[in-house]
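> for reference, the sequence and a predicted model appear below.
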Amino acid sequence: MNKAFPGLRLEYDPNPPRSRVALVFALAILAALLAASLIFWAYGVSPVRAYATIFEGTLADPNGWATVLRRAIPLLLIGVGLTLAFRGQFFNIGAEGQMAMGAMAGAGVALFVPLPAPLTLPAMFLAGFALGGLYALIAAYLKARVGVNEILTTLMLNYIAYYIVIYLVTGPWRGKSLFGFAFTDSFPPQAVLPMIPGTLVHWPTLILGVVLAVLLQLLLSRTTLGYEIRVVGENPKAAQYAGINIGRTVLLVALLSGGLAGLAGVGEVASIHKKLLDPSNITLGMGFTAIIVAYLTRGNPVLAIFTAFLMAVIFAGGDEMKISLQMPFRVVDVFSGLMLLFLIASEPLANYRLRRGGSDATR
Amino acid sequence: MGQPLLRLHNITKRFPGVVANDGVSLEVFPGEVLALLGENGAGKSTLISILYGLYRPDEGEILLEGRPVRIASPTHALRLGIGLVPQHPMLVNRHTIAENLALGIGNPLFPSQRIVPLIEKMSLAYGLQIDPKAPIHTLSPGQKQRVEIVRSLLRGAKVLILDEPTSVLTPQEAEALFAVMRGLRAAGKSLIFISHKLEEVLAISDRCTVLRRGKVVGSIPTSEASKARLAEMMVGRSVSFDRKRAEPRLGGKLLELSGLKASSSRGLPALRGVNLQLRSGEIIGVAGVAGNGQSELVEVLSGLRKIDGGTATLGGQPLSAGPAQLFAAGVAHIPEDRIHMGTVPSMTVAENLALREYAKPPLARGILSDSSALEANAQAKVREYAVATPSIHTPSRLLSGGNIQKVILARELAGQPKLILAVHPTYGLDVGATEQVHKVLLDKTYEGAGVLLVSEDLDEILQLADSVAVLYHGELKGPFPVGEVTREELGLLMTGSQEAGSGGREARA
């Protein structure tokens, strides 16, 4: 291998410039797209046609934009929260469940809590944040207290959340007016978010997401709490040494990231669905897709605004391929899976640069 | 002396921004111990990496027994007869010596069988005193090192490189290693010995080659060398090795430990009733082999570990609070592991300098960090302690060990600490940085601080401390005034073999 490219050598660079990191990420995304095109081709769809369909159905079309934005909203909220969680070394794989719990709390307030009309939506979001956050706290408490691996607990708690919601929509909360369906009744009008006319883009949630992305960025970089989160995340031993309360920091990060996933759940049921239903129809796997959104930000919540948009294009493209090309919607999962694979695999490459001359190919 | 066994001619190795080795030439003859000296960053590690096939030189050639060789990999180096004894042994703890050494050379079935007699033969020939059937975890650091030596010898090494082999050894263990080295020398092997400790270099080597900033500054027979001369060659100016401590200015009682007990992280007793009194302005050295309770003692005093029994008071107040409160009460802690505990390597110098006070004014207003105050704080400290860093926004992991230590000192010793817990404060630092660290600690005692100096380096303790205590198996022996105790006595106490001195010296008024 050393002699494969005479005159060129790889050189280790522990402190890569941002431009190279961005370049490597862009190349990884390109490679993922190429790999996905092999799958389209094997499926009997020309890759060129597949990508053209995605493009025409999303970015080249006003309705497509609406779909992209609609998909971007939950991805943004969850992605921002996960970025914070990952920054504090809390590997929250349970955003699906936290989102479902948030949707449930929002629906509960909408359906059963008599409130003055203008207070209904704020109360729904508050309840969604609280329940999503508390749900993440279960795993965080077990981690902080007895060191249980949060990857496993958050993942498993997803199933519990799913079945709690399924129980409610098929049992006690099942709608009076919709016999035979596993739905609740429709929300009253004061519990439905305004949307951009002719679309399903619930803009208040979108604005909330953008504001929170900026706020959490500021929290991380400009507050003492953000400093603590970064120290705990980067070097827990140093945090301990400096007397930072690691357990409290983990709990807080979990509360925020679960809470944001809960907000995403409220946003979906208070606009698109207007009722509580089977949780898999609410979350659509976005709690997992948002992991990529967060991963791509490299720890900067504000960048989730862009990365959520990118993943939303892929999500909306999946819708489009299902309709226009009769491909299964789950092709989206293949897509995001490939993307994550290539991104993670390429990350160490940013630490190398190619140089002319010399003969060292290894360290 | 005939032909050199190994000869490096004009070796140059460049890295981005630095020339690590600049036209380095040296030679080692059969039956010779060559000491390779130099400060950190002088190019020793690069040179070793080139010899061991980890790097390829940009220019120059390596001659082995007169023939030019290109060393492509560590495996290749071993095949050529060049072996490396690493600073930290790389052995599988649960396996026996024979099983470890069979890795890669034993036969596929029952790999360790054939090797046992070979090891026994070698152990006898060079006085290694190792039992091939012993599991690694039962061995002392010195024995583990000898296993690494056998590993190289089994593969037919003619040149042995020992990379700071004594840094984990007691004086007695180091002496045993030297005996082995003399045996190897008598058998015609060439040894390259790397060390920071000049006494050892003078005791064991035949010739010294000194590197400074990538170049060979000189190569002299050890018989013509002295500590002062070698240090001057390394640093480029004269260095003092006398006892650095002026008359201490002792104040009142500062730290008082009585019957202090604590457990290790695994729940085993680590401190078994430690008694100690430290006065302000005083330096007490705590010697001992790692793992005898030093970490636990420092952790208790810095608020990182809870007290199981007995009492610890600082200026009359019980020491029972978290690390942040104790720091505020005047306990500065220069930790054992400066990279993984003392700093956050991925964060900037400025952020690392704020690790203690980030939440207090002026660095914070309420919950908001004040980034301009953070920068001003960093600028001032970088200047005061002459930290060599490209900028205060450079991640601390890019700094050298000495500069990381300066960042920690600048942060911990800001304000007026009452008690300074300094753990291996100069471990791995070069002569220049060591001098600076020592000076800062001494200055602080003249300002009234008491220092507990925990170090495995007896020379350091004897240079700085007023008295020295030894931790062995969770019990503290001493302290003894440094003038009344010898290195040998301390070495024996460190291994728990007997009481130092004539007894009865333990209690001080």
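That came through, no problem.

> residue in the stretch 51-200 of chain B nearest to chain A?
Closest approach between the stretch 51-200 of chain B and chain A, counting by Cβ to the nearest Cβ: residue B:56, at 5.3 Å. C-beta coordinates here come from the backbone N, C-alpha and C atoms, glycine included.

> which of the three states applies to the residue of the stretch 401-509 of chain B found nearest chain A?
Closest to chain A within the stretch 401-509 of chain B is residue B:411: 9.7 Å, counting by Cβ to the nearest Cβ. Following DSSP: H, G, I helix; E, B strand; the rest coil, the label given to residue B:411 is helix.

> report the distance from the helix with the most length in chain A to the chain centre.
Using DSSP state H, we find that the single longest helix of chain A is helix A:117-146. Offset of helix A:117-146 from its chain centre (Cα atoms, centre = their mean, to the nearest Å): 17 Å.

> find the nearest non-adjacent residue to residue B:292, please.
Leaving aside its sequence neighbours, residue B:292 sits nearest to residue B:471 (Cβ to Cβ, 6 or more residues apart in numbering or on different chains; 4.7 Å).

> is any part of the longest helix of chain A close to chain B?
No - for helix A:117-146, no contact with chain B is found by Cβ under 8 Å from any Cβ of the partner chain; the gap never falls below 15.4 Å.

> what comes up buried for that helix?
A:120-121, A:123-144 (16 or more other Cβ atoms under 10 Å in any protein chain shown).

> what mean pLDDT does it have?
Per-residue pLDDT over helix A:117-146 has a mean of 96.

> so residue B:68: helix, strand or coil?
From three-state DSSP, the assignment for residue B:68 is strand.

> okay, and the beta partners of it?
Under DSSP bridges, the beta-bridge partners of residue B:68 are residue B:63.

> isn't residue B:115 right up against residue B:101?
Yes - counting by Cβ atoms under 8 Å, residue B:115 touches residue B:101, with 5.8 Å between them.

> quick revisit: make sure I have this right: the residue of the stretch 51-200 of chain B closest to chain A is in a helix.
No - with three-state DSSP as the criterion, residue B:56 is assigned coil and is not in a helix.

> circling back to that earlier point, beyond the longest helix of chain A, next helix or strand please.
Following helix A:117-146 in sequence order, the next helix or strand is helix A:150-170 (DSSP states H and E).

> in the stretch 201-350 of chain A, which residue sits nearest chain B?
Nearest residue of the stretch 201-350 of chain A to chain B: residue A:243, at 2.9 Å (Cβ to the nearest Cβ).

> wait, is that residue part of a strand?
No - counting by three-state DSSP, residue A:243 is not part of a strand but coil.

> all strands for chain A, in order.
A:8-12, A:352-356 (DSSP state E).

> before we move on, the earlier item: bridge partners for the residue nearest to residue B:292, pull those for me.
Residues in beta-bridge contact with residue B:471 (DSSP bridges): residue B:476.

> my guess is it meets residue B:287, correct?
Yes - applying Cβ under 8 Å as the test, residue B:471 and residue B:287 come out as touching, 7.4 Å apart.

> what does the stretch 301-450 of chain B have sitting close to chain A?
So far as Cβ under 8 Å from any Cβ goes, the stretch 301-450 of chain B lies against chain A at B:302-304, B:322-327, B:333, B:335, B:337, B:340-347, B:351, B:354-356, B:358-359, B:364, B:367-369, B:371, B:395, B:397-398.

> using PyMOL, define a selection of the buried residues within those.
If you want just the buried ones from those in PyMOL, going by 16+ other Cβ under 10 Å, the selection is:
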select buried, chain B and resi 302+303+304+322+323+324+326+327+333+335+341+342+343+344+345+347+351+354+355+356+358+359+364+369+395
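
> let me see the contact set for the residue nearest to residue A:304 when sequence neighbours are not counted.
Using Cβ to Cβ, 6+ apart and skipping the chain neighbours, the partner closest in space to residue A:304 is residue A:79 (4.1 Å). When contacts are counted by Cβ atoms under 8 Å, 6 or more residues apart in numbering or on different chains, residue A:79 touches A:290, A:293, A:294, A:297, A:304, A:307, A:308, A:311.

> show me what contacts the residue of the stretch 51-200 of chain A found nearest chain B?
Nearest residue of the stretch 51-200 of chain A to chain B (Cβ to the nearest Cβ) works out as residue A:87 at 11.4 Å. By Cβ under 8 Å, 6+ apart, the contact set of residue A:87 is A:220, A:229, A:230, A:233, A:253, A:299.

> got it, and residue B:172?
Neighbour list for residue B:172: B:491, B:492, B:495 [criterion: Cβ under 8 Å, 6+ apart].

> name the SS class of it, please.
helix.

> next one: it, what pLDDT does it get?
Note on residue B:172: pLDDT of 80.

> tell me how far it lies from residue B:139.
Distance, residue B:172 to residue B:139, by Cβ to Cβ, to the nearest Å: 15 Å.

> relative to the whole chain's centre, how far out is stretch B:31-45?
16 Å.

> pull the CA atoms of that stretch into CSV?
The C-alpha trace of stretch B:31-45 is given here as CSV (Å, rounded to 0.1, in the frame of the first residue of the first chain):
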residue,chain,number,x,y,z
GLY,B,31,28.9,-4.2,24.2
GLU,B,32,28.2,-0.6,24.8
VAL,B,33,25.5,1.4,26.6
LEU,B,34,24.7,4.6,24.8
ALA,B,35,22.7,7.2,26.7
LEU,B,36,20.5,9.3,24.5
LEU,B,37,19.7,12.6,26.3
GLY,B,38,17.6,15.6,25.4
GLU,B,39,14.8,17.7,26.6
ASN,B,40,11.2,17.0,25.5
GLY,B,41,10.9,17.9,21.9
ALA,B,42,14.6,17.6,21.3
GLY,B,43,13.9,14.7,18.8
LYS,B,44,14.6,11.6,20.9
SER,B,45,11.2,10.0,20.3
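
> any bit of it sitting next to chain A?
No - on the criterion Cβ under 8 Å from any Cβ, stretch B:31-45 is out of touch with chain A, staying 12.5 Å away.

> okay, now residue A:230: neighbour count?
21 (other Cβ atoms under 10 Å in any protein chain shown).

> likewise the one 3 residues further on?
As a burial measure, the neighbour count of residue A:233 was computed by other Cβ under 10 Å and equals 23.
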